[in-house]
Each structure stands twice: as C-alpha cells, then as structure tokens.
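1. Any chance you could fold what I've pasted below:
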Amino acid sequence: MITQSPFLDQLTQLEQQQHEHLRVTRLVQIPYKGQFLPVHAISLGSQAPQAPCLMYVGGVHGLERIGTEVVLSFLHTLIERLQWDDSLISGLEQLSLIFVPALNPVGLMRNTRGNGNGVDLMRNAPIDAESRPPWLAGGHRLHSSLPWYRGKKNAPMETEAQALMQLIRSECFSRPFSMVLDCHSGFGFKDRLWFPYAYSQKPIDHLGEAYALKKLLNHTYPHLDYEFEPQSKSYTAHGDLWDHLYLESLNTQSTFLPLTMEMGSWRWVKKNPRQITSMMGLFNPVMPHRLQRVLRRHIVLMEFLIRATRAWEKWLPTGQNRQLSYQQAMEHWYGQQPQPTNSRREDDKPRYDEYDTPGTH
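-> Numbering: from 1, shown residues only. Reported below is the predicted structural model:
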C-alpha cells in the first residue's frame with residue numbers, strides 16, 4: 001500500500017466531502033508503483049457558459065511543493081468562508097473557480113521536477129523556441145535522467161499535460177474571459193508574475209490586456225512586490241505549455257490570460273543557508289514560520305485575481321483604449337511603440353518540434 005503525500009490525502013478527503021458549493025472531479029489517474037494517483041480538479045461557483053473563469057494550478061513540478069501548498073491553502077480558506085461568508089457565495093454566482101493543486105502527483109511523491117516518465121510538463125508542448133534558450137534548462141531531448149527533459153520527439157504529450165489542456169479547452173476557451181495562475185518556485189530573490197511568451201521575444205496579441213491587469217494590480221495594491229513581465233524577459237524555453245495553450249486560444253472567441261507565479265526561493269535560502277544542501281531546500285521554505293509567511297504572502301494576489309476576473313469587463317481595454325494600452329505596454333516592456341496588430345500573420349506562427357535538442361538553432 002502506497003503512503004500518499006499530505007497533499008494527496010487532503011484532496012482525497014475533499015473528494016469524499018458533500019458540499020453544495022464544491023465539485024471534485026478526477027481528471028486522470030497516473031500509474032505509480034502498481035497503483036494509481038489521481039489528478040483532481042475542484043470547482044466552485046457558476047457553471048454558466050458566459051461566466052468568466054479563473055483557474056489556480058500547482059504541483060506542475062513535483063520538486064516545487066510550495067506551489068501545491070499555496071493553492072491548497074487558499075482553497076481551504078475559501079471552503080471555510082463558504083460556511084459563513086455570504087459575499088463570497090453571492091460573488092461566486094458570477095464566476096467559475098477551478099483548482100488543480102497537484103497536476104504532477106508522481107513528481108510530488110518522488111520529489112522530482114519531472115513526472116513518472118522523467119518529463120518536465122512545462123517543457124512538453126510541441127513548440128520550439130525561436131532563439132537559443134539556456135542549455136538544458138530551456139528544454140532538451142537528451143535523456144529523461146536529466147532535468148528539463150521534453151520527452152521524445154513526435155511522441156504524444158504526457159497524460160498530465162493532456163488532462164490540463166483538455167480542462168482548459170472545455171472550461172476556459174468556451175467563456176468570454178479566463179485567467180490561470182500557475183504557482184511555481186524558482187531561483188531569484190523576487191516574486192515574479194510571467195505571461196507568454198517563453199518561446200519567443202515577440203509580444204503576445206493581448207499585451208495591452210496584460211498591461212491593463214498589471215496597472216490594475218499596481219494601483220489597487222501599490223505595496224505588493226511582484227515583477228510583472230513577459231517570461232521571455234527572463235529566459236526563453238522550448239515546449240512551454242502556456243505558450244501552446246495561449247496560441248490555441250487565439251483561434252477562439254475567448255480572451256485567455258495565463259499567468260505563472262514564480263516565487264523567488266533565494267530569499268528562503270538567504271535566511272537559512274543550510275537549505276542549499278538539499279534540492280527540496282533550494283525550491284521550498286523549510287522553516288515552519290517561513291512556510292506560514294509564504295502561505296499568507298500571496299493571499300492578496302489570489303483574492304485580487306478573483307475580483308479582477310469577476311469584473312473583467314470593467315478594466316479590460318477595448319477599441320481605442322486597447323490600442324493605447326498595447327502601445328504603453330510595448331514602451332514599458334520592450335522600449336518601443338510599433339503598430340499593434342489584432343490578428344496573427346502567417347509568418348508569425350511558431351515552429352513546432354523542428355529540432356531534437358536545444359542549442360542547434
């Protein structure tokens with residue numbers, strides 16, 4: 001009998017609960033040591049097709065446990081508030097909330113970045129970076145024993161990635177507006193909010209919308225300290241799942257804004273240098289009081305995203321304001337003001353799986 005992680009135990013308990021506002025679904029089951037570990041989606045709020053959708057994702061990289069802990073902690077807070085908070089209950093009538101706290105349950109069990117096949121789910125999409133990404137870290141096809149492994153060329157995407165993609169297609173692309181917050185930890189002292197692209201230095205079509213969200217966050221909570229930027233400003237990568245899904249969303253009528261929260265793990269290592277001796281310590285707060293501090297730290301952002309998603313029509317730029325916001329975003333993030341485009345030219349399309357290994361283009 002497999003001893004499950006505390007995260008999977010919590011999700012199993014949620015699945016067994018009877019709650020009028022809570023819907024728990026098993027997206028898929030992943031084989032592990034002769035048994036199967038489920039990937040859960042927990043839904044709250046409206047099921048109306050026109051209601052906006054906000055999704056929280058954690059545990060994409062099993063080594064970065066703090067992402068799962070942040071998502072589960074916030075979910076627990078909302079579940080407790082559903083017992084007494086009428087404002088939350090009424091607010092959920094205009095919003096669909098979905099939580100996928102542990103996308104990579106085998107990685108969480110094994111304390112590995114990749115899944116049971118050694119594949120990095122955030123390097124697994126069939127899309128190649130336009131410029132040379134960091135060697136290995138940008139994704140490679142050398143061997144599954146090395147981190148950041150993309151999987152074999154032309155192989156189907158991993159089961160976990162396919163399950164998340166199907167959930168996004170069914171729950172986000174059918175709605176007029178949707179956002180995702182994917183919670184990770186990584187090297188650096190700053191907490192970052194990234195949006196596509198990772199495969200390219202060029203701006204996304206919805207750059208103006210991303211900039212409008214950044215301004216809304218900064219004006220509402222001026223003391224929050226997140227570096228809000230395109231991921232390519234930090235590094236480029238092959239196979240980014242959110243790039244792949246965002247590009248697919250351009251063929252729908254939905255506005256889809258995927259965000260990745262990259263919690264800066266160096267601040268934890270700086271305060272407790274002994275953490276550097278373990279892989280878990282490099283990516284997660286070890287001391288209990290620091291873990292509690294991290295779990296509190298991001299509640300404001302996660303609450304903000306609920307309100308921003310529910311009120312998306314109040315701040316999302318349209319018409320001339322959309323063009324102006326795009327130009328301001330180009331100046332802010334790229335230092336230039338080209339003419340914005342509302343449609344993707346044929347020569348702007350990304351390249352898919354043109355190379356077996358990074359560093360060859």
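
2. In this structure, what residue spans correspond to strands?
-> For the chain, applying DSSP state E gives strands covering 22-32, 35-45, 53-58, 96-100, 177-186, 191-195, 226-230, 255-264.

3. just the angle between the last one and strand 53-58, please?
-> Interaxial angle, strand 255-264 versus strand 53-58 (axes from the mean of the first three to the mean of the last three Cα atoms, to 10 degrees): 30 degrees.

4. quick one: pLDDT of the nearest residue to Ala198 once chain neighbours are set aside?
-> Nearest non-adjacent residue to Ala198, counting by Cβ to Cβ, 6 or more residues apart in numbering: Asp240, 3.8 Å away. C-betas here are computed from N, CA, C, even on glycine. Note for Asp240: predicted pLDDT of 98.

5. Tell me the bridge partners for the most centrally placed residue in the chain.
-> Centroid check for the chain by Cα atoms, centre = their mean gives Asp182 as the closest residue, at 1.9 Å. In this entry, Asp182 is beta-bridged to Val57, Thr260, by DSSP bridges.

6. got the contact list for it?
-> Val57, Gly58, Val60, Gly67, Trp242, Pro258, Leu259, Thr260, Met261 (Cβ atoms under 8 Å, 6 or more residues apart in numbering).

7. which residues does the residue nearest to Leu44 when sequence neighbours are not counted contact?
-> Using Cβ to Cβ, 6+ apart and skipping residues adjacent in sequence, the residue nearest Leu44 is Leu97, 4.4 Å away. Residues in contact with Leu97 (Cβ under 8 Å, 6+ apart) are Ser43, Leu44, Gly45, Cys53, Leu54, Met55, Tyr56, Leu78, Ile306.

8. now those in CSV, with neighbour count, distance to Asp205 and pLDDT?
-> Shown next, in CSV, are the contacts of Leu97 (neighbours: other Cβ atoms under 10 Å; distance: Cβ to Cβ, whole Å; pLDDT from 0 to 100):
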residue, neighbour count, distance to Asp205, pLDDT
Ser43, 19, 28, 96
Leu44, 20, 30, 95
Gly45, 24, 28, 94
Cys53, 25, 19, 98
Leu54, 24, 20, 98
Met55, 24, 20, 98
Tyr56, 25, 24, 98
Leu78, 21, 32, 95
Ile306, 20, 25, 98
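
9. Can you say which two of the residues you listed are spatially most distant?
-> Cys53 and Leu78 (15.3 Å; Cβ to Cβ).

10. Could you identify which of the strands of the chain is most buried?
-> Here the criterion is mean neighbour count by mean count of other Cβ atoms under 10 Å, and of the strands of the chain the winner is strand 53-58, at a mean of 26.

11. Packing partners of the longest helix seen in the chain?
-> Ranked by number of residues, the top helix in the chain under DSSP state H is helix 65-81. Judged by 3 or more Cβ pairs under 8 Å, 6 or more residues apart in numbering; DSSP states H and E, helix 65-81 is in contact with helix 6-16, strand 53-58, strand 96-100, strand 177-186, strand 255-264, helix 279-283, helix 288-297, helix 299-310.

12. And those: which comes nearest His223?
-> For the helices and strands packed on helix 65-81, the distance to His223 is smallest for helix 299-310, at 9.4 Å, taking Cβ to Cβ.

13. Please identify the buried residues of that closest one?
-> Buried residues in helix 299-310, defined by neighbour count with 16 or more other Cβ atoms under 10 Å: Leu301, Met302, Phe304, Leu305, Ile306, Ala308, Thr309, Arg310.

14. per-residue pLDDT, the second one?
-> The per-residue pLDDT reported for Met302 equals 97.

15. check contacts around it.
-> By Cβ under 8 Å, 6+ apart, the neighbours of Met302 are Tyr56, Phe74, Leu181.

16. Poorly predicted segments of the stretch 201-350 of the chain, please.
-> The model of the stretch 201-350 of the chain has pLDDT under 70 over residues 266, 281, 337-350.

17. switch to 80 and redo it
-> 265-272, 274-282, 284, 286-287, 336-350 (pLDDT under 80).

18. wouldn't the residue nearest to Ala198 be in contact with Phe195 here?
-> No. Using Cβ atoms under 8 Å, Asp240 is not in contact with Phe195; the gap is 11.2 Å.
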